[in-house]
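Q: My questions concern the predicted model and sequence given below.
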Amino acid sequence: MSSKKKPQPRMLFANQDGEIFDHPDLLMMCRRGAEFGLPRPDELIAMPPESEFFMLPGRHAMGFDPETGEAELMEELAVAAFVCPGHTNTGLAAYETDPGSPLLPLLAYSAIGYADGRFWVCAKRVDEDKRQVFSNIPPDRVESGAHQLMRELEGNRLVNHLAGCALQSGCPAAKNLALGRFECPLPTSQACNANCVGCISYQPEDSGFPSPQGRISFRPTPKEIVDVMRRHESRERRPIFSFGQGCEGEPLLEAELIAEAVSQYRSEGGTGTVNINTNGSRPQTMPVLKVAGVNSIRVSLNSARKGPYEAYYRPKSYAFEDVRETIAKAHEVGIHVSLNLLYFPGITDTEEELAALIELGQEAKYDFIQLRNLNLDPELYLDIMSPFDFGPSMGFMNFKKRLKKALDWINYGYFNPYLG
């Protein structure tokens, strides 16, 4: 059966008043690393619901003229999309930046165009889970759920913190806790042993962009953690519990606390997946966490190569070799290992990066790849990566196929999987 041919979307641009228009003649372009071009037809989808538009200050829209076969730059501003969770960007918005323009906030900037009465984005869906879909949930349900949590666990500082995340920051994980569904966030750590360029909970004043979340300001007790876990388990039949949230530092720095809380929860018959989202900096903690009842970790990487990894994560008391050892040690003791791969078109989908991910998988044996977007001003990231070698982009779909062919046991997604 033949499939309908994908359209060639027209370029979008915006005026200074924030009004968005589609160009009558110029086609949508995208960027992959240093390459500018038309979107690949198999990496273009109709913009999913709950996605957002952005007008990009100081950045001029760029489109492709099919008559001349050349790119054309406009005076008007560029437009990008932030594609909703569950999707990975396959091409970035194409534009040219004025000197001295402010850095963009910590978001991902997908190319977007218009055709056949619809908006189209460079992205692919990688997870069917509805974990962060709230379109049919009235905001007052989240609000009432958060207040009910605080009433039920009165005096629990962790609940009060997470209720604030749900009501003030709109954190999807905290909102799900308030609704009693899916994944329960369990922030624990005030400190971090990395200085990631794109950290969402701490940014120095001279970074050029604010952190969108505040970091937890206290150390929860094991009882506070366990009480939250028990309550969530009573509402969700397939509970996932995750240490290592956007509102904290590195959870492995609190491995002893986490082990005590999880051990107590498991000893009382606690079920579900207990996961730690981590930078993978402390391999020596894996055995004790496994004994306590942790059965999943998610290790964040922008690259499986030491140079690019350390340029972005800027580790303070560990090195990339420790990350490799953590993945290998977790596999050795029987913990499910996901990579939180921060995907960036034109960097991640290159021969150099693919080879390193294959080698890491063959040596350390990770199980799953969460294809998340790297949320950072694209030109800032490209500048950080400029000392390292990257060949041409092979495209998102080719990247996925070749990695799966080399490591046939891995699976792809976007969210932490439930381990039944």
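A: Perfect, thanks for sending it.
Q: Pop the domain breakdown of the chain in here.
A: Listed domain ranges for the chain are 10-125, 139-413 (source: automatic domain parsing).
Q: So which residues of the protein form helices?
A: Taking DSSP state H to define them, one finds helices in the chain at 139-152, 157-164, 172-179, 222-235, 255-267, 286-292, 306-313, 320-333, 351-364, 378-385, 396-406.
Q: just checking, what packs against the third one?
A: The reference is to helix 172-179. helix 139-152, helix 157-164, strand 183-185 (3 or more Cβ pairs under 8 Å, 6 or more residues apart in numbering; DSSP states H and E). In short, each C-beta sits where N, CA and C put it, glycine included.
Q: got the angle for the first one vs helix 222-235?
A: It stands for helix 139-152. For helix 139-152 against helix 222-235, the angle by axes from the mean of the first three to the mean of the last three Cα atoms, to 10 degrees is 130 degrees.
Q: what residues does helix 139-152 touch?
A: 134, 156, 159-160, 162-163, 166-167, 174-175, 177-180, 231 (Cβ atoms under 8 Å, 6 or more residues apart in numbering).
Q: redo that, cut-off 6 Å
A: Contacts to helix 139-152, defined as Cβ atoms under 6 Å, 6 or more residues apart in numbering, come from residues Val159, Ala163, Ala166, Leu167, Lys175, Ala178, Leu179.
Q: before we move on, what about stretch 122-135?
A: Outside stretch 122-135, the residues that reach it (Cβ under 6 Å, 6+ apart) are 30, 39, 43, 45, 49-50, 83, 85-91, 110-111, 172, 182, 371, 412-415.
Q: Okay, buried residues for it please.
A: Cys122, Ala123, Lys124, Val126, Asp127, Asp129, Arg131, Gln132, Phe134 (16 or more other Cβ atoms under 10 Å).
Q: Could you dump the domains of the chain into a markdown table with mean pLDDT and distance to Gly420 added?
A: Below are the domains of the chain laid out as a markdown table (pLDDT from 0 to 100; distance: least, Cβ to Cβ, whole Å):
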| stretch | mean pLDDT | distance to Gly420 |
| --- | --- | --- |
| domain 10-125 | 96 | 20 |
| domain 139-413 | 96 | 7 |
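Q: do you know which of those domains lies nearest Leu419?
A: domain 139-413 (4.7 Å; Cβ to Cβ).
Q: how close does the residue lying closest to Pro7 once chain neighbours are set aside sit to Glu70?
A: If the residues on either side of it in the chain are set aside, Pro7 comes closest to Ala115, at 3.8 Å by Cβ to Cβ, 6 or more residues apart in numbering. With the distance defined as Cβ to Cβ, to the nearest Å, Ala115 ends up 21 Å from Glu70.
Q: who's more crowded, those two?
A: Ala115 (17 against 8; other Cβ atoms under 10 Å).
Q: Buried residues of stretch 215-232, list them for me.
A: So for stretch 215-232, counting by 16+ other Cβ under 10 Å, buried means 215-216, 220, 222, 224-232.
Q: Ok, stretch 385-399 next?
A: Met385, Phe390, Ser393, Met394, Gly395, Phe396, Phe399.
Q: Please apply the same query to stretch 59-72.
A: Buried, per 16+ other Cβ under 10 Å, within stretch 59-72: Arg59, His60, Ala61, Met62, Gly63, Phe64, Ala71, Glu72.
Q: Compile these into CSV and extend it with columns for distance to Phe320.
A: As requested, those are exported to CSV (distance: Cβ to Cβ, whole Å):
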residue, distance to Phe320
Arg59, 33
His60, 37
Ala61, 38
Met62, 35
Gly63, 40
Phe64, 39
Ala71, 37
Glu72, 42
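Q: from these, which ones fall inside strands?
A: Under the assignment DSSP state E, those contribute Arg59, His60, Ala61, Met62, Gly63, Phe64, Ala71, Glu72 to strands.
Q: Just name the closest of those residues to Gly293, please.
A: Arg59 (48.3 Å).
Q: Nearest the middle, which residue of the chain would you pick?
A: Arg372 (3.9 Å; Cα atoms, centre = their mean).
Q: Quick check: it vs Met394, distance?
A: 19 Å.
Q: Could you tell me what pLDDT the model assigned to Met1?
A: With respect to pLDDT, Met1 has a value of 40.
Q: what number of residues lie near Cys171?
A: Cys171 - counted by other Cβ under 10 Å - has 21 other residues nearby.
Q: residues in contact with it?
A: With Cβ under 6 Å, 6+ apart, Cys171 has these contacts: Cys165.
Q: Adjust the sequence numbering to begin at 51 for everything that follows.
A: With 51 as the first residue, the last one maps to Cys221.
Q: any idea how far it is from Phe184?
A: 11 Å.
Q: quick revisit: list buried residues within the contacts of stretch 172-185.
A: The buried subset of the contacts of stretch 172-185 (16+ other Cβ under 10 Å) comprises 80, 89, 93, 95, 133, 135-141, 160-161, 222, 232, 421, 463-465.
Q: mind listing which of those are in strands?
A: Cys80, Ile95, His137, Thr138, Asn139, Leu421, Gly463.
Q: Generate TSV for those residues, with distance to Glu300 as supplementary columns.
A: Converted to TSV, these look like this (distance: Cβ to Cβ, whole Å):
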residue	distance to Glu300
Cys80	34
Ile95	35
His137	27
Thr138	25
Asn139	26
Leu421	22
Gly463	23
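Q: before we move on, back to that, quick one, which of the helices and strands packed on helix 222-229 is packed in tightest?
A: strand 233-235 (a mean of 26; mean count of other Cβ atoms under 10 Å).
Q: Not counting sequence-adjacent ones, nearest residue to Pro99?
A: Taking Cβ to Cβ, 6+ apart as the measure, Pro99 lies nearest to Ser185, with 5.9 Å between them; neighbours along the chain are not counted.
Q: what's the answer for Glu93, then?
A: Nearest one to Glu93, counting by Cβ to Cβ, 6+ apart, is Thr140 at 3.7 Å.
Q: residue contacts, that neighbour?
A: Counting by Cβ under 6 Å, 6+ apart, Thr140 has contacts Glu93, Cys172, Ala173, Lys174, Pro395, Phe446.
Q: The last one and Glu93 touch, don't they?
A: Yes - with contact defined as Cβ atoms under 6 Å, Phe446 counts as touching Glu93 (5.4 Å).
Q: And the furthest pair within the buried residues of stretch 109-122?
A: Top of the distance list for the buried residues of stretch 109-122 (Cβ to Cβ): Arg109 and Phe114, 17.0 Å.
Q: My read is that Pro289 contacts Gly322, right?
A: Yes - contact criterion Cβ under 6 Å: Pro289 and Gly322 qualify, at 3.5 Å.
Q: Stretch 323-331: which residues count as buried?
A: Neighbour-count burial for stretch 323-331 [16+ other Cβ under 10 Å]: Thr323, Val324, Asn325, Ile326, Asn327, Thr328, Asn329, Gly330, Ser331.
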